[in-house]
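Trainee: No sequence on hand, only this structure:
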């Protein structure tokens, strides 16, 4: 698409900051990525250096996108960790100490000359699915991202839920277990959803079963490699391993209970599951079993109307949802609303 074809039509820059990589994309007014890529975060070099490298890479994408810098109306920026959205500052960013307590919005605005929409990376991903992904037909959405941790985002009638203290939409930290021996979340609190259904937690739960003497083909993987992943658990489940299959179903049951609590609070049109741990998604028999287990728990535990009318499905935008959603949030704030 050439700049002539795009002339007069605004485009947006979306930035999705992660601990290892930063995904960057130029997105048109309809939510289509015109050009995108990623750079290493190299967080030890600090946030100011990171902003400079982000903008340099973004400008290198302009010829591929067929647009000029002047056509970029605004920038959307999603970051992990805690933040003060109103003030545009990061607070504590786990594994990214060089970015802690940095006035990132004002710095990016000054360096780019563009207005910046700043939001949590979970809400950015959720906005992507809400705008042009699986949730595009609905007025409200909950997105849960399953990976090393458990992230989340909530969109209600075009608005990401930030909360008064910029800690809204933290779906991974709802309490699902109040027993004395509840698992401890990486955040330090006991009984949080993340302590049970993140990829890290699923591997730990399987490892505990193996150490207790349960039989599984994963034991050989553990003995040979010293470790295994959630992907390995899915693979072994597909190959018929009973323990791997049991633990994936159990994970779906736990996640389903957590989703029920969120549904009763938010009453969304759709709940979407994103992130790297989907056990193969709809392309895998075990992924479909995982999803149907969640749906079954919701039907068993929630109000009948919610159980019947709320869609639960996998996300569709993949790893692009963060930068697309950040660009979409910038479009909402600074561009067209129709």
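Mentor: It's in. Since this is a predicted model, take the numbers as computed values, not measurements.
Trainee: where exactly do the strands run in the stretch 51-200 of the chain?
Mentor: Under the criterion DSSP state E, counting those that start in this stretch, the stretch 51-200 of the chain carries strands at the ranges 72-79, 83-84, 89-90, 116-120, 140-146, 150-156, 159-160.
Trainee: Give me the buried stretch members for the longest one, please.
Mentor: Right, the one you point to is strand 72-79. 72-79 (16 or more other CB atoms under 10 Å). Backbone N, C-alpha and C define where each C-beta goes, glycine included.
Trainee: Could you single out the nearest of those residues to residue 195?
Mentor: Taking CB to CB as the measure, residue 195 sits nearest to residue 79 out of the buried residues of strand 72-79, at 23.3 Å.
Trainee: Ramachandran angles for the nearest residue to that closest one once chain neighbours are set aside?
Mentor: Spatially, and ignoring its direct neighbours in sequence, residue 79 is nearest to residue 17 (4.5 Å; CB to CB, 6 or more residues apart in numbering). Taking degrees, to the nearest 10, you get phi -90, psi 130 for the backbone angles of residue 17.
Trainee: Low-confidence bits of this structure, can you list those?
Mentor: By pLDDT under 70, the weakly predicted segments of the chain are 1-8, 336-338.
Trainee: where along it do the helices fall?
Mentor: Per DSSP state H, the chain carries helices over the ranges 3-6, 47-60, 62-65, 104-112, 121-132, 194-197, 199-211, 218-225, 230-238, 242-266, 285-301, 304-309, 321-334.
Trainee: Tabulate these (JSON lines), appending distance to residue 22 and mean neighbour count.
Mentor: Converted to JSON lines, the helices of the chain look like this (distance: least, CB to CB, whole Å; neighbours: other CB atoms under 10 Å):
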{"stretch": "helix 3-6", "distance to residue 22": "24", "mean neighbour count": "12"}
{"stretch": "helix 47-60", "distance to residue 22": "6", "mean neighbour count": "17"}
{"stretch": "helix 62-65", "distance to residue 22": "17", "mean neighbour count": "16"}
{"stretch": "helix 104-112", "distance to residue 22": "12", "mean neighbour count": "18"}
{"stretch": "helix 121-132", "distance to residue 22": "11", "mean neighbour count": "30"}
{"stretch": "helix 194-197", "distance to residue 22": "23", "mean neighbour count": "26"}
{"stretch": "helix 199-211", "distance to residue 22": "21", "mean neighbour count": "18"}
{"stretch": "helix 218-225", "distance to residue 22": "30", "mean neighbour count": "15"}
{"stretch": "helix 230-238", "distance to residue 22": "24", "mean neighbour count": "22"}
{"stretch": "helix 242-266", "distance to residue 22": "28", "mean neighbour count": "20"}
{"stretch": "helix 285-301", "distance to residue 22": "28", "mean neighbour count": "18"}
{"stretch": "helix 304-309", "distance to residue 22": "37", "mean neighbour count": "12"}
{"stretch": "helix 321-334", "distance to residue 22": "9", "mean neighbour count": "28"}
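Trainee: got a markdown table for the ones you listed, with distance to residue 95 too?
Mentor: Below are the helices of the chain laid out as a markdown table (distance: least, CB to CB, whole Å):
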| stretch | distance to residue 95 |
| --- | --- |
| helix 3-6 | 38 |
| helix 47-60 | 14 |
| helix 62-65 | 31 |
| helix 104-112 | 17 |
| helix 121-132 | 13 |
| helix 194-197 | 15 |
| helix 199-211 | 13 |
| helix 218-225 | 24 |
| helix 230-238 | 19 |
| helix 242-266 | 24 |
| helix 285-301 | 28 |
| helix 304-309 | 37 |
| helix 321-334 | 17 |
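Trainee: hmm, back to that, quick one: which of the buried residues of strand 72-79 is nearest residue 91?
Mentor: Out of those, the member with the shortest distance to residue 91 (by CB to CB) is residue 79, at 10.0 Å.
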